[in-house]
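Novice: quick one, structure for this:
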Amino acid sequence: MFKVSHEDDTRLPIPIESTYRRYGPMVLRRCRFMLKDEENARDAMHDVFVSLLVNEDRLDDRALSSLLFRMATHVCLNRIRSATRRKESPGDTILERIACAGDSDEHLGARSLLRRLFRHQQPSSQVIAMLYHVDGMTHAEVADEVGMSVSGVRKRLRNLRTELAELAELAELEPER
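Specialist: Numbers count the residues shown, from 1 in each chain. So this is what the prediction gives:
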């Protein structure tokens, strides 16, 4: 249960189940419209109601449907931004193959490729790559963590992707030993 404030500042509990039943379809329609993907829309809808529970002490029931509509819009926009930020670039396909390397030969090849990539890089480049690709941090979060500008982080990642793509291309051309 969560509470909503009224003009006399008394708090009344509202059962989350009935709120979910009443407004869930509206929130889901909004998420479907914005995300164009059923599974992602359902996840976003659930995120909206989780956020509603987390922020229960700041809610006002006078415009609950408008609040939920705005929350759904923000959650969906954040998901769209995140997907856009992670859009695949040429080096991303190679990174995915490296991350998914299963058998020992693939794994050894991936490790060798990464070793060659980072051999001539600044040590902070490896940290930046790990924070962004492994930990899922944003460019801004990585920049704060390593004490660089956002544009500097973007440039390093772009250079790493380019060099990785070149190394991968060379590795494919080299005869097997």
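
Novice: please count neighbours and contacts with C-alpha atoms only from this point.
Specialist: Fine.

Novice: what is the helix ranked longest in the chain packed up against?
Specialist: Counting by DSSP state H, the longest helix found in the chain is helix 150-173. Helix 150-173 sits against helix 90-99, helix 104-119, helix 123-129, helix 139-146, with contacts defined as 3 or more C-alpha pairs under 8 Å, 6 or more residues apart in numbering; DSSP states H and E.

Novice: lowest mean pLDDT across these, which one is that?
Specialist: Of all the helices and strands packed on helix 150-173, mean pLDDT reaches its minimum on helix 90-99 (a mean of 54).

Novice: what does the helix or strand containing Arg29 contact?
Specialist: According to DSSP states H and E, Arg29 maps onto helix 16-35. Here helix 16-35 makes contact (C-alpha atoms under 8 Å, 6 or more residues apart in numbering) with 1-2, 38, 41-42, 44-45, 49, 65, 68-69, 72-73, 76-77, 80.

Novice: got the angle for the next helix or strand along the chain from it vs helix 16-35?
Specialist: With elements assigned by DSSP H and E, the helix or strand that comes after helix 16-35 is helix 38-54. If you take axes from the mean of the first three to the mean of the last three C-alpha atoms, to 10 degrees, helix 38-54 sits at 140 degrees to helix 16-35.

Novice: these two touch, right, Gly164 and Phe118?
Specialist: Wrong residue type there; residue 164 is Leu, not Gly. No. With contact defined as C-alpha atoms under 8 Å, Leu164 does not count as touching Phe118 (9.5 Å).

Novice: what about these two, which has more around it?
Specialist: Leu164 (22 against 16; other C-alpha atoms under 10 Å).

Novice: hmm, His46 and Val75 touching each other?
Specialist: No. Counting by C-alpha under 8 Å, Val75 sits too far from His46 to count as a contact (10.0 Å).

Novice: between these two, who's got more neighbours?
Specialist: Per other C-alpha under 10 Å, whichever of Val75 and His46 has more neighbours is Val75, with 20 against 17.

Novice: which residues touch the more buried one?
Specialist: Contacts of Val75 by C-alpha under 8 Å, 6+ apart are Ala44, Asp47, Val48.

Novice: burial count for Pro123?
Specialist: 10.

Novice: where's the nearest residue to Glu38 once chain neighbours are set aside relative to Gln121, distance?
Specialist: Residue nearest to Glu38 in three dimensions, not counting chain neighbours: Arg32, with 6.2 Å by C-alpha to C-alpha, 6 or more residues apart in numbering. Distance of Arg32 to Gln121, computed by C-alpha to C-alpha, to the nearest Å: 43 Å.

Novice: ok, Gly147 next?
Specialist: Applying C-alpha to C-alpha to Gly147 and Gln121 gives a distance of 17 Å.
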